[in-house]
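Q: Here is the input, now give the coordinates:
(2 chains)
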Amino acid sequence: AQSVTQLDSHVSVSEGTPVLLRCNYSSSYSPSLFWYVQHPNKGLQLLLKYTSAATLVKGINGFEAEFKKSETSFHLTKPSAHMSDAAEYFCVVGSSASKIIFGSGTRLSIRP
Amino acid sequence: DTAVSQTPKYLVTQMGNDKSIKCEQNLGHDTMYWYKQDSKKFLKIMFSYNNKELIINETVPNRFSPKSPDKAHLNLHINSLELGDSAVYFCASSRLQGTGANVLTFGAGSRLTVL
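A: Take a look at the predicted model:
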């Protein structure tokens, strides 16, 4: 069985400060892990993807995530938040069983 | 060119009506999906088709019926609409089937409001 837990439903940071969105997963198989972003009234867009290559994955818009097997985590980070980063972020786990499971989402707000 | 396009973008209707949402992808992908996003932003898969064949059919009322006339199209028909059907419905597609490494390309969503 596999599952994904996003530990924070809402994160608020000031513009220019670091962003950390937390995600823990559970998977019986070697997982594929993703982060998607959803801007207001838009569809979801892939930020980055991990598929058992390098554990530190770089994505679009300055985001990156690190796969930590010992902690079963795949947290999303960005060194400096921008107003345009305000959106809903989804952590996703996929397995070789063709199951793709979405986390419950984290709403990121950016304070001026 | 829009990769995954859904129509209509907004749909407001009365309880008991029947409605359809259409989806088309021009990416050449073999697999298409319908997801439902509720008011709390939770995304749940409803159906998945690979090359016109149904491969995922989650626990969804049989009032919901997908139809894939060809691998570029996956339409969703909903009979006897209920208040709880109000949500945003997302169509998505992916290149690979049978692996959780699929990258999904999403449409912009269709917001259904049932009055």
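
Q: low pLDDT regions in chain B?
A: B:1, B:97-100 (pLDDT under 70).

Q: near chain A, which residues of it show up?
A: B:4, B:40-45, B:55-56, B:90, B:92, B:97-109 (C-beta under 8 Å from any C-beta of the partner chain). To be clear about C-beta, it is placed using only N, CA and C from the backbone, and glycine gets the same treatment.

Q: Buried subset of these as a PyMOL selection?
A: Selection of the buried residues among the residues of chain B next to chain A in PyMOL, burial being defined by 16 or more other C-beta atoms under 10 Å in any protein chain shown:
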select buried, chain B and resi 4+41+43+45+56+90+92+97+99+100+101+102+103+104+105+106+107+108+109
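
Q: Give me the subset of the residues of chain B next to chain A lying in strands.
A: B:4, B:43-45, B:55-56, B:90, B:92, B:105-106 (DSSP state E).

Q: per-residue confidence for whatever residue of chain A ends up closest to chain B?
A: The nearest approach of chain A to chain B comes at residue A:94, 2.7 Å away (C-beta to the nearest C-beta). For residue A:94, the pLDDT comes out at 84.

Q: Let me see the backbone angles for it.
A: phi -130, psi 150 (degrees, to the nearest 10).

Q: What's the mean pLDDT across stretch A:6-22?
A: Here the average pLDDT along stretch A:6-22 is 97.

Q: Report the buried residues of it.
A: By 16+ other C-beta under 10 Å, the buried positions in stretch A:6-22 come out as A:6, A:11, A:13, A:19, A:21-22.

Q: And the most centrally placed residue in chain B, which helix or strand is it part of?
A: Closest to where the C-alpha atoms of chain B average out (C-alpha atoms, centre = their mean) is residue B:34, at 2.8 Å. Take DSSP states H and E as the rule and residue B:34 turns out to sit in strand B:31-37.

Q: got it, and residue A:20?
A: strand A:19-21.

Q: What is that strand packed up against?
A: strand A:10-14, strand A:73-78, strand A:106-111 (3 or more C-beta pairs under 8 Å, 6 or more residues apart in numbering or on different chains; DSSP states H and E).

Q: Give me the sheet partners of the shortest one and which way each runs.
A: If you go by DSSP bridges, strand A:10-14 pairs up with strand A:106-111 (parallel).

Q: could I get the strand it pairs with in PDB with only the CA atoms?
A: Provided in PDB are the C-alpha atoms of strand A:106-111 (Å, rounded to 0.1, in the frame of the first residue of the first chain):
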ATOM      1  CA  THR A 106      -0.400  22.800   1.000                       C
ATOM      2  CA  ARG A 107      -1.500  26.300   0.300                       C
ATOM      3  CA  LEU A 108       1.500  28.600   0.200                       C
ATOM      4  CA  SER A 109       0.900  32.300   0.900                       C
ATOM      5  CA  ILE A 110       3.500  35.000   0.400                       C
ATOM      6  CA  ARG A 111       3.500  38.100   2.600                       C
END
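
Q: quick one: contacts of it?
A: A:6, A:8-15, A:19, A:21-22, A:81-83, A:85-91, B:41 (C-beta atoms under 8 Å, 6 or more residues apart in numbering or on different chains).

Q: list the buried ones in that strand?
A: A:106-108, A:110.

Q: now do stretch A:48-61
A: A:48-51, A:57, A:59.

Q: for stretch B:69-77, same thing?
A: By 16+ other C-beta under 10 Å, the buried positions in stretch B:69-77 come out as B:71-76.

Q: For the helix or strand bottoming out on mean pLDDT in chain A, which helices and strands make contact with it?
A: When each helix and strand of chain A is scored by mean pLDDT, DSSP states H and E, strand A:100-102 comes last, with a mean of 87. Counting contacts by 3+ C-beta pairs under 8 Å, 6+ apart, strand A:100-102 packs against strand A:3-6, strand A:87-94, strand B:43-50.
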